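S.K.: Got a predicted structure plus its sequence, pasted below:
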Amino acid sequence: MAGFGAASGGDGSGSAQGEGMNGVDKAEVGPAAGYGVGQLLIPPLNFAMVTPGVYRSGYPNSKNHAFLKKLRLKTIIYLCPEDYMAVNVQFMQSNSIRVLQFGIQGNKEPFVDIPEDAIRDALQALLDVRNHPTLIHCNKGKHRTGCLVGTLRKVQRWSLTSTIDEYRRFAGLKVRALDQQFIELFDTRKVLYDPRYKPAWL
């Protein structure tokens, strides 16, 4: 296993964040994949592409299943402590999608700290290309998802300013100071990965 030094420098320009249809590359869900052919595809709340092979969103429901199927997901990283909704479990099973659950309570400051070990474990799952394509989600796709994506940006050596700006963009009016502090203080040196399976963007 290998690890990371402290993240520094960079402005995120080396990592792709999707544009257009909620951050999805049309090559992935366009006409060649059946997009728009007699079927309405509805992305989950707050859906976007984080980097190639990694997506983020709020909690999906049955209306989003056709859209998610086009992504050909291998893994979902679920960041809530509650059991997964039965209709989603059935969809994941029928499409051979593995769900990795890292139960993190919502960080409603000033009472709840984000468990660093859970975020680190989820991040290490993200850094294994065998899990890609991957969807990260919590409830609204803002805070817990934002913290995990923020730590990923540190591993990708984005600047702190760009990383926090991205967090704020998805959090909207519900920006949380503890989330931003968590991202800033997160130690990437404790993150391990297998070099044989690291993503091309790492």
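M.R.: Here it is on my side, so go on. Fair warning: this is a prediction, and the values are worked out from it, not measured in the lab.
S.K.: ok, then the element right after the helix or strand bottoming out on mean pLDDT in the chain?
M.R.: Every helix and strand of the chain was ranked by mean pLDDT, DSSP states H and E. The lowest is helix 26-29, at a mean of 40. With elements assigned by DSSP states H and E, the helix or strand that comes after helix 26-29 is strand 48-51.
S.K.: Need the residue closest to the centroid of this structure.
M.R.: residue 136 (3.4 Å; Cα atoms, centre = their mean).
S.K.: Let's verify that one: helix, strand, or coil?
M.R.: With DSSP: H, G, I helix; E, B strand; the rest coil as the basis, residue 136 sits in strand.
S.K.: which residues touch it?
M.R.: Taking Cβ atoms under 8 Å, 6 or more residues apart in numbering, we find residue 136 in contact with 50, 54-57, 76-77, 79, 122, 126, 145, 148-149. From N, CA and C alone the C-beta is placed, and that goes for glycine too.
S.K.: From residue 161, how far off is it?
M.R.: Between residue 136 and residue 161 the distance is 22 Å, computed by Cβ to Cβ, to the nearest Å.
S.K.: same check, this time on residue 99
M.R.: Plainly put, residue 99 is 34 Å away from residue 161 if you go by Cβ to Cβ.
S.K.: Which one's more surrounded, these two?
M.R.: residue 99 (14 against 10; other Cβ atoms under 10 Å).
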